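In: below are the sequence and a predicted model; questions follow.
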Amino acid sequence: MREAIESMVIAAIEDAVDAGELELVEIPEPSVERPRDPAHGDWATTVALKCAKAAGMPPRQVAQIVAGRLADHPDIASVEVAGPGFINLRLSPTALQRVVRHVRQADSKLGSSDSGAGRRVQVEFVSANPVGPMHVGHGRWAALGDSVARLLAHTGWSVEREFYVNDAGVQMDLFARSVSARYLEFCGSDEPFPEDGYQGSYIKEIAREIFDAEGTCWLDASAASREEYFREKAYAQVLEHLKRVLHDFGVDFDVWFSERRLHAASADGGPCEIDTAIEELRERGHVYDHEGAVWFRSTAFGDDKDRVLVKADGSYTYFAADIAYHKDKFDRGFDRVINIWGADHHGYVARMQAAVAALGHEGQLDIVIGQLVNLFRNGEAVRMSKRTGEMVTFEELVEEVGADAARYWFLRRSTDQQVDFDIAVAKEQSADNPVYYVQYAHARICSILRKAAEEAGENPDAAVDDVVAALALDEADLAPLDSEAELALMRELDRFGEVIDVAARELAPYKLTRYVEELAASFHQFYTVCRVIDPDAPDLTRARLFAVDATRRALRCALGLLGVGAPERM
RNA sequence: GCCCUCUUAGCUCAGCGGAUAGAGCGUCUGCCUCCGGAGCAGAAGGCCGCAGGUUCGAGUCCUGCAGAGGGCGCCA
């Protein structure tokens, strides 16, 4: 609709210029926007304010000239010049009714576009260390990354979801020693627990499982071989656990990328990917040697200081592995790469961007930094210490509040806002909880449609899509939809595509949560004012059923992009 | 010390350089003989952290200051 209004405005200006009423060397930007105040109409343009100077006329006079030419358009119900020179437009009922028809036909493709043009984008998110359960912060990244992926797919990108598994660092060895120590405790040994080992009870559980299955057979093995075995055993268990918890949350990754791959020699025995990446940077002139270490000149790309890639003792830094990882991503042919990182990694952004630029991919990496999650229960902070083992894990949270409510709460805030997550509120099925407010609107519509089917002698207990098909609403005449509540609902539906565009462009699903709440509100308002099923007015009933069904599809589509269910009954 | 983010109603937050700054919760008042009251309507509640600047126009852009959170490693 925005494009239609824009071209309408441009046409009006051109027309005025041709008629000699306006003197303009060039046609200005149409500057179309939606007024905040509905009293100012559906659309407004500030074009008269912007080009008054160039036209040598007062803005209001320019506005009058342009407005006069817009008034005749069939999609425009009224035009008025307001304030210093705003031109306010109100859409005709016909134009809005056309929108409803479009919404219903587009169905699950509503708001989709080809702005991605099939380009390949990778979204990497969560990437929790595989040494224990995920914390609730990971849940936010899971919800966010998955919804961003859905939005990008909806707008024409070819999307892959990836989880980077940090399975090569020293934390894996500590993990192994921790499990091993707990195992030895079960065997009755008085071996001391590693000083900085992982304290969580899950470590004991893993050790217990191994002990129950294999007995004391590892008691006398060398520490090295025991830890090697325990590391791989425990790692596999944790990885399976992560996959399952994420899957239950509705998030499935296309690729689980093992960091070990970066450290391994190539198939033909050549250098590993990290060495290859460092070599490439060296060839491009961005690497130097200093005090026995190998450095990346990241300051040449805007970083605060240069960074070490290979330490004096010959081992790689984490950063070196990350550079190799990002080189690997781009080598796989992605046009664009998106990383979703927690706020605790933001100091890392500059050097990563520098490395990607040095590899020749400047501008192809987006790093979304998300603020943390503060957990509450009835207003009281819940501690999340990883060390004490008292933390509420992501899995426990989902189990308690449900995947839909958890996802919705995680997505509701803009990324750079901390999320205050109150467990008690999120699980409450009441008006305090926006996810139920929205789902209720959907369920309520389904209920109306079932009722209509029942009165038409159709089976109301079928799936709602089938119920609607049986009602055969396609030929409904929408002309009766002209009351204020109906027009307001249709206006809200008209915003759908714009919201999707913005949310996808800004990688900001929270924009969609806000919209879907407003759409649900428009529906509830409509519902209280307009009785849908009225046996005395069959044409009006059919038109309203049509509009209500369009709303249902829009709600379902939006919730789907958020990864939240649209229940037909609650 | 340096860098990043945040600061808008009692609380939690929206707000693309435009008009009288919005929503939910909380508080107060109304609305079910009727399709789901998990709903709707109304009221009260604001020097948009402070001070400058740019602009016809600033909550929005720039600079400085203050407060809150996070980050700074040849750790991962």
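Out: Thanks, I have the structure now. Numbers count the residues shown, from 1 in each chain, chains lettered A, B, ... in the order given.

In: what's the next secondary structure element after the helix-or-strand element of chain A with minimal mean pLDDT?
Out: Counting by mean pLDDT, DSSP states H and E, chain A has its least confident helix or strand at strand A:380-381, which shows a mean of 72. Sequence order places helix A:394-401 as the next helix or strand after strand A:380-381, per DSSP states H and E.

In: centre of the chain to that next one, how far?
Out: Its chain's C-alpha centre and that of helix A:394-401 lie 20 Å apart, by Cα atoms, centre = their mean, to the nearest Å.

In: so which elements touch it?
Out: helix A:136-154, helix A:223-248, helix A:403-411, helix A:423-427 (3 or more Cβ pairs under 8 Å, 6 or more residues apart in numbering; DSSP states H and E). Using the backbone N, CA and C atoms, a C-beta is placed for each residue, glycine as well.

In: what's in contact with the least confident helix or strand of chain A?
Out: If you take Cβ atoms under 8 Å, 6 or more residues apart in numbering as the criterion, strand A:380-381 is touched by A:374-375.

In: please repeat the previous calculation with a cut-off of 10 Å.
Out: Applying Cβ atoms under 10 Å, 6 or more residues apart in numbering, the external contacts of strand A:380-381 come out as A:374-375, A:420, A:422, A:424.

In: closest to A:Arg2 among those?
Out: A:Asp420 (34.5 Å; Cβ to Cβ).

In: need the pLDDT of the residue lying closest to that closest one once chain neighbours are set aside.
Out: Once flanking residues are discounted, A:Asp420 sits nearest to A:Asn374: 5.0 Å by Cβ to Cβ, 6 or more residues apart in numbering. According to the prediction, A:Asn374 has pLDDT 79.

In: ok, now A:Phe394?
Out: pLDDT at A:Phe394 comes out at 89.

In: need the contact list for it.
Out: A:126, A:128, A:133-142, A:242, A:245-246, A:249, A:373, A:406.

In: if we can go back for a sec, rebuild the helices and strands packed on helix A:394-401 as TSV, extending it with distance to A:Leu365, mean neighbour count and mean pLDDT.
Out: Listed next are the helices and strands packed on helix A:394-401 as TSV, based on distance: least, Cβ to Cβ, whole Å; neighbours: other Cβ atoms under 10 Å; pLDDT from 0 to 100:
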stretch	distance to A:Leu365	mean neighbour count	mean pLDDT
helix A:136-154	14	25	93
helix A:223-248	24	17	94
helix A:403-411	23	26	91
helix A:423-427	33	18	82
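
In: on the three-state scheme, A:Tyr288 is what?
Out: strand (DSSP: H, G, I helix; E, B strand; the rest coil).

In: nope, A:Gln105 is what I was after
Out: helix.

In: what's the answer for A:Ser113, then?
Out: Going by three-state DSSP: A:Ser113 is coil.

In: what count of nearby residues applies to it?
Out: Using other Cβ atoms under 10 Å, A:Ser113 has 14 neighbouring residues.

In: list the residues that contact the closest residue in space to it that isn't next to it in sequence.
Out: With Cβ to Cβ, 6+ apart as the criterion, A:Ser113 has its nearest non-adjacent residue at 4.9 Å, and that residue is A:Thr155. A:Thr155 is in contact with A:111-117, A:500-501, A:503-505, counting by Cβ under 10 Å, 6+ apart.

In: phi and psi next, for A:Thr155.
Out: With angles defined as degrees, to the nearest 10, A:Thr155 sits at phi -110, psi 30.

In: one more: the one 5 residues further on?
Out: Main-chain dihedrals, A:Glu160, degrees, to the nearest 10: phi -120, psi 140.

In: now do the one 5 residues further on
Out: Comment: the main-chain dihedrals of A:Val165 come out as phi -100, psi 110, following degrees, to the nearest 10.

In: so how far is A:Ala320 from it?
Out: 17 Å (Cβ to Cβ, to the nearest Å).

In: kindly report the same for A:Cys557.
Out: Distance, A:Cys557 to A:Ala320, by Cβ to Cβ: 44 Å.

In: kindly report the same for A:Pro434.
Out: The value you get for A:Pro434 to A:Ala320, if Cβ to Cβ is used, is 44 Å.

In: which residue does the stretch 151-300 of chain A bring closest to RNA strand B?
Out: A:Gly169 (1.7 Å; Cβ to the nearest atom of the strand).
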